[in-house]
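A.B. asks: coordinates only, sequence not included:
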């Protein structure tokens, strides 16, 4: 580390340390503001947009037809639970201490606007449907405390500096607002989750490759390639990667919906198809790498195997009343389970269908596996035995 950078870090540490000492001493000087709401009474039901600005980026989240979306991500659905928790936390923040600080101290605490300084804090603006500002909060550094039993692990955050007026007034609150550590990250990124134990078969195809089929081994659950040669065996690690490729499948980002299929190589994709015990058919179409990484563009869809035909009912004359009742109950249970599964599939397709995603390379690499990656030659150990003799 350069000496100049080290000096800057030391100065910041000293300033923050001084503020921490001051705020500890100021406990003896109570203020009328202690315990008051930092942003005042916030009309939660009127909050229709959330703008988070850091020195590096800005995200705008908005309520659209009762669904929260990220306008910064092509109006992709946002994680409502996270938004709700973050807005509630802002509304419930109470003044712990009033901090009197000079300009240099405020800079060290990041109590300056991210628009005015590359080292500023995070600006959070809550707006109503008309765009009117309901509340504003500048989120700065956490205060670090040490010197007790936990100090052997280093300083730990026990509060955060915030300001409701862009740094003019600085408060210390007991909460830490980790939700606003960055502007992005407000999307619910889980696509699907299929556990490997539920997979019954996998097919991998593409325009310039041989199709790879995998099915459970006879009497087992491991996926294998049919008709292995006498000197071939499965690469268990690669086979397990394929089997679990859809387990907790998440995306890295959403692709621009205006990009053409031929630009994304989704006009001639590799296709990864998984079938499950419940009859679901998951298809992932995999396109080109993104310009700045090995991650790939992909689309995800789900279908269902046709429902199995109902077995012919037993002769009613041979059934007791209890048997007839049990048979009818089982028929109803299966019908309801099928209807629920069909609704789940329909909901998934409605969510996933309009979008092209960017999926991490370690997932798409497994989904594009070839036979020579899954099958390996059995090592001939006879020569080793001869050498030992």
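C.D. replies: Cool, got the structure. Source: prediction; values computed, not measured.
A.B. asks: only C-alpha atoms for contact and neighbour calcs from this point on.
C.D. replies: Noted.
A.B. asks: which parts of the host helix or strand of residue 299 are buried?
C.D. replies: Using DSSP states H and E, residue 299 sits in strand 296-304. For strand 296-304, a neighbour-count test (16 or more other Cα atoms under 10 Å) marks 296-304 as buried.
A.B. asks: Could you list the buried residues of the helix or strand following it?
C.D. replies: Using DSSP H and E, the next helix or strand after strand 296-304 towards the C-terminus is helix 321-352. Using 16+ other Cα under 10 Å as the test for burial, helix 321-352 gives 338, 341, 345-346, 348, 352.
A.B. asks: Tell me the helices and strands packed up against the following helix or strand past helix 321-352.
C.D. replies: In the C-terminal direction, the helix or strand that comes right after helix 321-352 (DSSP H and E) is strand 357-359. Contacting strand 357-359 under the criterion 3 or more Cα pairs under 8 Å, 6 or more residues apart in numbering; DSSP states H and E are the following elements: strand 253-254, strand 296-304.
A.B. asks: Now distance to residue 58 too, for those, in CSV please.
C.D. replies: Below are the helices and strands packed on strand 357-359 laid out as CSV (distance: least, Cα to Cα, whole Å):
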stretch, distance to residue 58
strand 253-254, 16
strand 296-304, 24
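A.B. asks: nearest to residue 78, of those?
C.D. replies: strand 253-254 (11.8 Å; Cα to Cα).
A.B. asks: average pLDDT for that closest one?
C.D. replies: Average pLDDT, strand 253-254: 96.
A.B. asks: which other residues reach the helix or strand following it?
C.D. replies: Later in the chain than strand 253-254, the nearest helix or strand by DSSP H and E is helix 261-264. With contacts defined as Cα atoms under 8 Å, 6 or more residues apart in numbering, helix 261-264 is touched by 267-268, 287-289, 297.
A.B. asks: Of those residues, which belong to strands?
C.D. replies: Among the contacts of helix 261-264, DSSP state E puts 287-289, 297 in strands.
A.B. asks: how about the strands in the stretch 1-150 of the chain?
C.D. replies: Applying DSSP state E, counting those that start in this stretch to the stretch 1-150 of the chain gives strands spanning 49-53, 58-64, 67-70, 76-77, 97-99, 122-127, 133-145.
A.B. asks: Output the contacting helices and strands for the last one.
C.D. replies: Contacting strand 133-145 under the criterion 3+ Cα pairs under 8 Å, 6+ apart are the following elements: helix 3-25, strand 122-127, strand 156-163.
A.B. asks: Just want the angle from that strand to strand 49-53.
C.D. replies: 40 degrees (axes from the mean of the first three to the mean of the last three Cα atoms, to 10 degrees).
A.B. asks: buried stuff in strand 133-145?
C.D. replies: Neighbour-count burial for strand 133-145, counted by 16+ other Cα under 10 Å, picks out 134-145.
A.B. asks: how far is stretch 255-262 from where the chain is centred?
C.D. replies: With Cα atoms, centre = their mean, to the nearest Å as the basis, stretch 255-262 stands 22 Å off its chain's centre.
A.B. asks: actually stretch 113-131, not the one I typed
C.D. replies: Distance, stretch centre to chain centre, for stretch 113-131: 24 Å (Cα atoms, centre = their mean).
A.B. asks: pLDDT averaged over that stretch - what is it?
C.D. replies: 94.
A.B. asks: what does that stretch contact?
C.D. replies: Residues outside stretch 113-131 that contact it (Cα under 8 Å, 6+ apart): 46-56, 107, 110-112, 133-141, 166-167, 180-183.
A.B. asks: What subset of the residues you listed is buried?
C.D. replies: Buried among those (16+ other Cα under 10 Å): 47-55, 107, 110-112, 134-141, 166-167, 180-183.
A.B. asks: how much space between residue 379 and residue 371?
C.D. replies: The gap separating residue 379 from residue 371 is 18 Å, by Cα to Cα, to the nearest Å.
A.B. asks: Quick check, pLDDT for the nearest residue to residue 353 once chain neighbours are set aside.
C.D. replies: Closest residue in space to residue 353, ignoring its immediate chain neighbours: residue 301 at 6.5 Å, by Cα to Cα, 6 or more residues apart in numbering. The model reports residue 301 with a pLDDT of 97.
A.B. asks: Show me what residue 301 is bridged to.
C.D. replies: With DSSP bridges as the criterion, residue 301 is bridged to residue 283.
A.B. asks: Distance check, the closest residue in space to residue 40 that isn't next to it in sequence against residue 157.
C.D. replies: Sequence neighbours aside, residue 91 is the residue nearest to residue 40 in space, at 7.6 Å (criterion: Cα to Cα, 6+ apart). Applying Cα to Cα, the value for residue 91 to residue 157 is 21 Å.
A.B. asks: Which one's more surrounded, the two?
C.D. replies: More crowded of residue 91 and residue 157, by other Cα atoms under 10 Å: residue 91, with 18 against 14.
A.B. asks: coming back round to it: of residue 379 and residue 371, which one has the most company?
C.D. replies: Between residue 379 and residue 371, counted using other Cα under 10 Å, the more crowded position is residue 371 (17 against 9).
A.B. asks: Roughly how far does the residue lying closest to that one once chain neighbours are set aside sit from residue 375?
C.D. replies: Nearest residue to residue 371 in three dimensions, chain neighbours excluded: residue 212, at 6.3 Å (Cα to Cα, 6+ apart). Distance check for residue 212 against residue 375: by Cα to Cα, it reads 11 Å.
A.B. asks: repeat for residue 307
C.D. replies: Separation of residue 307 from residue 375 (Cα to Cα): 34 Å.
A.B. asks: likewise residue 55?
C.D. replies: The gap separating residue 55 from residue 375 is 50 Å, by Cα to Cα.
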